[in-house]
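Colleague: Next comes the sequence, and after it the predicted model I'd like to discuss.
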Number of protein chains: 2
Amino acid sequence: MTQARAVVPIDAESRVSHADHKALRLWLRLFTCSTMIERGIRLRLRERFGITLARFDYLAQLARSPAGLRMQELSRRLMVTDGNVTGLTRELAAEGLVERRPGPTDRRVHMVRLTPKGRRTFGAMALVHERWVVDRLAALDAAERDALHASLGRLKRALATPASAGPAA
Amino acid sequence: MTQARAVVPIDAESRVSHADHKALRLWLRLFTCSTMIERGIRLRLRERFGITLARFDYLAQLARSPAGLRMQELSRRLMVTDGNVTGLTRELAAEGLVERRPGPTDRRVHMVRLTPKGRRTFGAMALVHERWVVDRLAALDAAERDALHASLGRLKRALATPASAGPAA
DNA sequence: GTCCAATACTTTAGGACTAAACTAATTGAA
DNA sequence: TTCAATTAGTTTAGTCCTAAAGTATTGGAC
């Protein structure tokens, strides 16, 4: 398939192939679904628990790692900047939900983990949160959810590689 | 194989069923994929064109509606607040990319559409943007992309309904 | 041992978005 | 007609997040 020469005399939009448009629409649909669910979750967490999604996700990560995590590992998993984690940590620590401890060997490292109070608090929220997510995804049957999960798994793995330098880098 | 009984004494997390966990993981995966792609697009649009994703999406919506759109319809499609559209419109109009005109009958309504310059500018960007999206999704083969598109379409339709009042509203 | 680069985190300045209050125009009911 | 309710859009205050520069510590290279 010879690709369109990017000159723009006709109308840039009509140059892209049908397959390309399909890829773009797939992305838009993925984005829309993600945004709609995210919006609902944000709203609900705020209304019911007065917590932001970022803080909830922060606690969720720690809940899965009882031994605690380095701050950098947290920012990587949460897909936010280190600076953001610094701020979130300060707030959550001030509320007694998490505790910071110096790293065992490297004095640059700070480990964070849930306090008992943090664990209790998160546990209660997670239950309600999970019910809501389950409910929202219930529109798809189990087989379709599994297929979706598998496809997105492949996509996620591919996305982890740093992008093929780009077609027109 | 009997599954591991939640080692931690039946805390909130271990209460949720296996199917529930799967739904939660599906959501997390969806969110991760969406965020990773979005991040790449944002970065690229900024580096190559000095434009934000919000502005690009704004132009993209108008490009699909040559007759123009009401501002409210724009905010609905972009999934942002009306106030945000007001600001974006002011900026883009100041740069000569879009133009505002009073609605034909209702004086409350403002119609927005691309200027010729806006159309040219967007066209050039859209081409590069689309190539990048295509490239990122190329990890999945055509059949899988189609299946994903279909599943997400069903999900999107279900999400459009206002949530089943919630399991524990 | 002494630097210099790399790493881990923090701080700061600024941008983008939202929610909520506000203005202006329209509709419809009495 | 008049006035309340609704609708379209704007403004404002505030939140959250990022990018980039800054600080402290570590680990080689020599």
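Modeller: That came through, no problem. Residues are numbered from 1 along each chain as shown, chains lettered A, B, ... in the order given.
Colleague: all contacts plus neighbour counts: C-alpha atoms, from now on.
Modeller: Fine.
Colleague: got any ranges where chain A has weak pLDDT?
Modeller: Scanning chain A for pLDDT under 70 picks out A:1-20, A:162-169.
Colleague: Residue numbers of it in contact with DNA strand D?
Modeller: Contacts of chain A with DNA strand D, taken as CA under 7 Å from any atom of the strand, map to A:52-54, A:79-84, A:105-108.
Colleague: Mark which of those residues are buried, thanks.
Modeller: A:52-53, A:82 (16 or more other CA atoms under 10 Å in any protein chain shown).
Colleague: Also within reach of chain B: list those from those.
Modeller: Residues of those in contact with chain B (CA under 8 Å from any CA of the partner chain): none.
Colleague: My guess is residue A:51 contacts residue A:44. True?
Modeller: No - Residue A:51 is beyond contact range of residue A:44, at 9.2 Å (criterion: CA atoms under 8 Å).
Colleague: So which of the two has more stuff around it?
Modeller: residue A:44 (20 against 15; other CA atoms under 10 Å in any protein chain shown).
Colleague: quick one: that one is in a strand?
Modeller: No - when DSSP: H, G, I helix; E, B strand; the rest coil is applied, residue A:44 is found to be helix, with no strand at that position.
Colleague: Could you list which of the buried ones among the residues of chain A next to DNA strand D belong to helices?
Modeller: Mapping these onto helices (DSSP state H) picks out A:53, A:82.
Colleague: Kindly reformat the buried ones among the residues of chain A next to DNA strand D as TSV containing distance to DNA strand C.
Modeller: Shown next, in TSV, are those (distance: CA to the nearest atom of the strand, whole Å):
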residue	distance to DNA strand C
A:52	11
A:53	12
A:82	4
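Colleague: thinking again about what came up before, which of the residues of chain A next to DNA strand D lies at the shortest distance from residue B:36?
Modeller: Closest approach between the residues of chain A next to DNA strand D and residue B:36, by CA to CA: residue A:79, at 8.5 Å.
Colleague: can you give me phi and psi for that closest one?
Modeller: Main-chain torsions, residue A:79, degrees, to the nearest 10: phi 60, psi 40.
Colleague: how close does it sit to residue A:53?
Modeller: 13 Å (CA to CA, to the nearest Å).
Colleague: and if you look at residue A:33?
Modeller: Taking CA to CA, one finds residue A:33 at 17 Å from residue A:53.
Colleague: Do a quick rundown of the helices in chain A.
Modeller: A:12-15, A:18-49, A:53-64, A:71-78, A:82-94, A:116-137, A:142-160.
Colleague: closest to residue B:153 out of these?
Modeller: Nearest of the helices of chain A (CA to CA): helix A:18-49, 7.1 Å.
Colleague: between the closest one and helix B:71-78, how big is the angle?
Modeller: 90 degrees (axes from the mean of the first three to the mean of the last three CA atoms, to 10 degrees).
Colleague: list the helices and strands helix A:18-49 packs on?
Modeller: helix A:53-64, helix A:116-137, helix B:18-49, helix B:116-137, helix B:142-160 (3 or more CA pairs under 8 Å, 6 or more residues apart in numbering or on different chains; DSSP states H and E).
Colleague: Just confirm residue A:118 contacts residue A:97, I think it does.
Modeller: Yes - with contact defined as CA under 8 Å, residue A:118 reaches residue A:97; the gap is 3.8 Å.
Colleague: Next, the contact list for the nearest residue to residue A:133 once chain neighbours are set aside, please.
Modeller: Nearest residue to residue A:133, sequence neighbours excluded (CA to CA, 6 or more residues apart in numbering or on different chains): residue B:24, at 6.4 Å. Contact analysis of residue B:24 by CA atoms under 8 Å, 6 or more residues apart in numbering or on different chains lists A:130, A:133-134.
Colleague: and residue B:24, how far is that from residue B:132?
Modeller: 29 Å.
Colleague: Kindly report the same for residue A:56.
Modeller: In terms of CA to CA, residue A:56 sits 32 Å off from residue B:132.
Colleague: Settle it for me: which of these two has more neighbours?
Modeller: Taking other CA under 10 Å, residue A:56 and residue B:132 do not tie; residue B:132 has more neighbours (24 against 17).
Colleague: Could you report the separation of the more buried one from residue B:38?
Modeller: 11 Å.
Colleague: ditto for residue A:98
Modeller: If you go by CA to CA, the gap between residue A:98 and residue B:38 works out to 30 Å.
Colleague: Same check on residue A:48?
Modeller: Taking CA to CA, one finds residue A:48 at 28 Å from residue B:38.
Colleague: swap in residue A:82?
Modeller: Residue A:82 is 19 Å from residue B:38, by CA to CA.
Colleague: Residue A:113 contacts residue A:66, correct?
Modeller: Yes - assessed by CA under 8 Å, residue A:113 is found in contact with residue A:66 at 6.8 Å.
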